[in-house]
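S.K.: fold the following and give me the result.
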Amino acid sequence: MIFKDQIINAARKVTEKHSEKDELERRVIRPTTLTKRFRDDGIVPNNPQLPLVIYRRAIKRGSKSESMAAVIDHLFAKNGWGRSWRASIYDFVHYHSQIHEVLGVAKGHAFVEFGGVKGAVLKVDAGDIAILPAGTGHRLINASQNFLVVGAYPEEGTYDECTDTRDRDHAIKRIANVKRPRTDPLFGSDGPLLRLWKRKVSRP
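M.R.: Numbers count the residues shown, from 1 in each chain. The predicted structure follows:
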């Protein structure tokens, strides 16, 4: 499914209206940062070392004719997070054991469960950016009709989709081996993510 989304994304890029690159980058603001860590709940391993990071209202809105998705897509790509797609979020619990993921909300709002059924349901709005370390469970609870997300991944890592416990022991080992990204998807080599993910933390 992810590859189909990437093909659709490439077609949209050709037709979308957006500002010049310098203007796009001026749309980024230093946001309020939320971090949360989640326990292994027996189904979803989550990540024992790295927290979920959410930048609140990190991107200012532009004109009505401009595509917020194009802005987010450009910023992610500029900072080395690619293989982008545009869609909603799956409404079933899943996680990625071989790669980290960033989700940028381009339109609307939603309530998303992070960390599995014992995690937390958080509201995300247009302009919010959520960075999920490998292993972090996530699923859509409900959303506005126009809800749209731009997803992307760091250069290193392989996309996979884990939805149950069949491969759990191997998934936990893979999560531990995922390399930390070289850049923040929004702020590049000087972003808060690099500091937040540099520290080693124990399980809560």
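
S.K.: what sits against the most centrally placed residue in the chain?
M.R.: Computing the C-alpha centroid of the chain and ranking residues by Cα atoms, centre = their mean puts Val102 first, at 2.0 Å. Residues in contact with Val102, defined by Cβ atoms under 8 Å, 6 or more residues apart in numbering, are 76, 81, 129-132, 151-153, 185. The C-beta positions use only the backbone N, C-alpha and C, and glycine is treated the same way.

S.K.: now those in a markdown table, with secondary structure?
M.R.: Conversion of the contacts of Val102 to a markdown table gives the following (DSSP: H, G, I helix; E, B strand; the rest coil):
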| residue | secondary structure |
| --- | --- |
| Phe76 | helix |
| Trp81 | strand |
| Ile129 | strand |
| Ala130 | strand |
| Ile131 | strand |
| Leu132 | strand |
| Gly151 | strand |
| Ala152 | strand |
| Tyr153 | strand |
| Pro185 | coil |
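
S.K.: out of those residues, which is nearest to Ile29?
M.R.: Ile129 (11.2 Å; Cβ to Cβ).

S.K.: count of neighbours near that closest one?
M.R.: Around Ile129 there are 28 other residues, counting by other Cβ atoms under 10 Å.

S.K.: kindly report the same for Thr35.
M.R.: The local packing of Thr35 (other Cβ under 10 Å) involves 15 other residues.

S.K.: list the contacts for it?
M.R.: With contacts defined as Cβ under 8 Å, 6+ apart, Thr35 is in contact with 51-54, 196.

S.K.: would you format those residues as TSV with neighbour count, pLDDT and distance to Gly115 included?
M.R.: Output for those, formatted as TSV (neighbours: other Cβ atoms under 10 Å; pLDDT from 0 to 100; distance: Cβ to Cβ, whole Å):
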residue	neighbour count	pLDDT	distance to Gly115
Pro51	21	98	10
Leu52	22	98	7
Val53	22	98	13
Ile54	23	98	12
Leu196	16	96	16
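
S.K.: could you export the contacts of Val102 as a markdown table, including distance to Arg26 and pLDDT?
M.R.: Converted to a markdown table, those look like this (distance: Cβ to Cβ, whole Å; pLDDT from 0 to 100):
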| residue | distance to Arg26 | pLDDT |
| --- | --- | --- |
| Phe76 | 16 | 96 |
| Trp81 | 19 | 98 |
| Ile129 | 16 | 98 |
| Ala130 | 22 | 98 |
| Ile131 | 22 | 98 |
| Leu132 | 27 | 98 |
| Gly151 | 24 | 98 |
| Ala152 | 21 | 98 |
| Tyr153 | 25 | 98 |
| Pro185 | 17 | 97 |
